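Colleague: sequence below, structure please.
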Amino acid sequence: MNTPDILCIGSVLWDIIGRTATPMRLGSDVAGRITRLPGGVAMNIAMTLRRFDLTPVLLSAVGRDAEGDELLAACAGLGMVTDHVHRPESLPTDLYMAIEGAGGLVAAIADAHTLEAAGDAILAPLGDGRLGTADAPFGGMIALDGNLTIDLLSQIALSPLFRAADLRVAPASPGKAERLAGLFDHPNATFYVNLEEAGILAQTPFTNAASAAATLIERGAHRVLVTDGGSMAAMADASGVLTALPPPITVARVTGAGDTFMAAHMAADLGGAPPQDALHRALGAAAEYVSGVSL
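Modeller: Prediction:
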């Protein structure tokens, strides 16, 4: 069995994004651009990993419809391994829809019902010998996103299939941050959250990333990275807290920025970068993405 660089477990879907340079409020009807492109947290992470010449394997659920066929063809064309994606017979391919105005994200809806309905079927390759077994679990890096159900995330936290993995966890959105609490007990889990998500996980509001990261370590997390838009970011583990400022930029887009940060940090870790350097590289990659420099 060949060992892939990284497994990306979670949402692989179509992103439908409407962008305008005009300020928006409730009920606004403005001109702009609407795009459709492969997306989802796991997919966004995988796309960034490809930019670092890594080969990600996708574990997700994609419908057996025309949209699903087109999506997986696009993923394969980008250099991702799609052989292990679960294809349920009667469920549609998931979608994410967002509107971004002059001030950033206005609103978004994630329809990940097929991924949620698939449940642990997406994890079958980790136990049937294709990517690992309970006796010889996958020992590499795994990116895991919070679009999975609470039950499945709780199962993963205790599963022998994940006990040897370097687990990297993202909540997908503030509304799903609480789903990750059960993974705090995993001895090798690194959490990537923004300031709002950190506050939800800790059930405490924070004013800066450093205090948020330190508190989550106190609450039992193994390692945490906290971002706060253009303000200071932080990384914390048992050895202490590191901080860094993202470079100043003009914001062109926001959807996918956190996923880009996470993937760039994972790539830096895999490359053996020191912790402070890895944090700076991740912030730089996210800044390039948000500014529209990297596609």
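
Colleague: now do the helices in this structure.
Modeller: 41-51, 66-77, 113-118, 150-158, 195-202, 209-218, 257-270, 275-291 (DSSP state H).

Colleague: can you lay out the ones you listed as TSV showing mean pLDDT, mean neighbour count and distance to residue 34?
Modeller: To be clear about C-beta, it is placed using only N, CA and C from the backbone, and glycine gets the same treatment. Formatted as TSV, these follow (pLDDT from 0 to 100; neighbours: other Cβ atoms under 10 Å; distance: least, Cβ to Cβ, whole Å):
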stretch	mean pLDDT	mean neighbour count	distance to residue 34
helix 41-51	91	26	18
helix 66-77	96	16	16
helix 113-118	94	20	22
helix 150-158	90	17	32
helix 195-202	93	22	27
helix 209-218	96	21	33
helix 257-270	93	24	19
helix 275-291	93	20	19
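
Colleague: the ones you listed: which one's closest to residue 31?
Modeller: helix 275-291 (22.3 Å; Cβ to Cβ).

Colleague: chain center to the closest one, what's the gap?
Modeller: Taking Cα atoms, centre = their mean, to the nearest Å, one finds the center of helix 275-291 at 15 Å from the center of the full chain.

Colleague: relative to residue 170, how far out is residue 239?
Modeller: 23 Å (Cβ to Cβ, to the nearest Å).

Colleague: make that residue 21, sorry
Modeller: Counting by Cβ to Cβ, the gap from residue 21 to residue 170 is 28 Å.

Colleague: show me which of the two is the more surrounded one.
Modeller: Under the criterion of other Cβ atoms under 10 Å, the comparison of residue 21 against residue 170 puts residue 170 first, with 30 against 12.

Colleague: burial check on residue 25, number of neighbours?
Modeller: Residues near residue 25, counting by other Cβ under 10 Å: 8.

Colleague: the one 3 residues further on too?
Modeller: The local packing count at residue 28 equals 12, with neighbours defined by other Cβ under 10 Å.

Colleague: where does it land on pLDDT?
Modeller: If you check residue 28, the pLDDT there is 89.

Colleague: and residue 97, what are its bridge partners?
Modeller: Listed beta-bridge partners, residue 97: residue 16, residue 109 (assigned using DSSP bridges).

Colleague: I'd say it and residue 109 touch.
Modeller: Yes: look at residue 97 against residue 109 with Cβ atoms under 8 Å: they come within range, at 5.1 Å.

Colleague: looking at these two, which is more packed in?
Modeller: When residue 97 and residue 109 are compared on other Cβ under 10 Å, the one with more neighbours turns out to be residue 97, at 16 against 10.

Colleague: how much space separates the spatially closest residue to residue 39 that is not a sequence neighbour from residue 124?
Modeller: Spatial nearest neighbour of residue 39, excluding adjacent residues (Cβ to Cβ, 6 or more residues apart in numbering): residue 15 at 2.9 Å. According to Cβ to Cβ, residue 15 stands 26 Å off from residue 124.

Colleague: neighbour-wise, which of the two wins?
Modeller: Using other Cβ under 10 Å as the criterion, residue 15 and residue 124 rank with residue 15 on top: 20 against 13.

Colleague: how about the more buried one, what does it touch?
Modeller: Neighbour list for residue 15: 35, 36, 37, 38, 39, 40, 96, 98, 255, 256 [criterion: Cβ atoms under 8 Å, 6 or more residues apart in numbering].

Colleague: give the PyMOL command for selecting the buried subset of the residues you listed.
Modeller: To isolate the buried members of those in PyMOL, using 16 or more other Cβ atoms under 10 Å:
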select buried, resi 38+39+40+96+98+255+256
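
Colleague: who are the contact partners of residue 267?
Modeller: Residues in contact with residue 267 (Cβ under 8 Å, 6+ apart) are 48, 49, 52, 54, 281.

Colleague: same check, this time on residue 75
Modeller: Residue 75 neighbours (Cβ under 8 Å, 6+ apart): 12, 38, 43, 46, 58, 82.

Colleague: mind listing what the spatially closest residue to the third one that is not a sequence neighbour touches?
Modeller: The shortest distance from residue 43 to any non-neighbouring residue, by Cβ to Cβ, 6+ apart, is to residue 12 (4.5 Å). Residue 12 is in contact with 38, 40, 42, 43, 58, 60, 62, 71, 75, 85, 94, counting by Cβ under 8 Å, 6+ apart.

Colleague: fine by me, thanks again.
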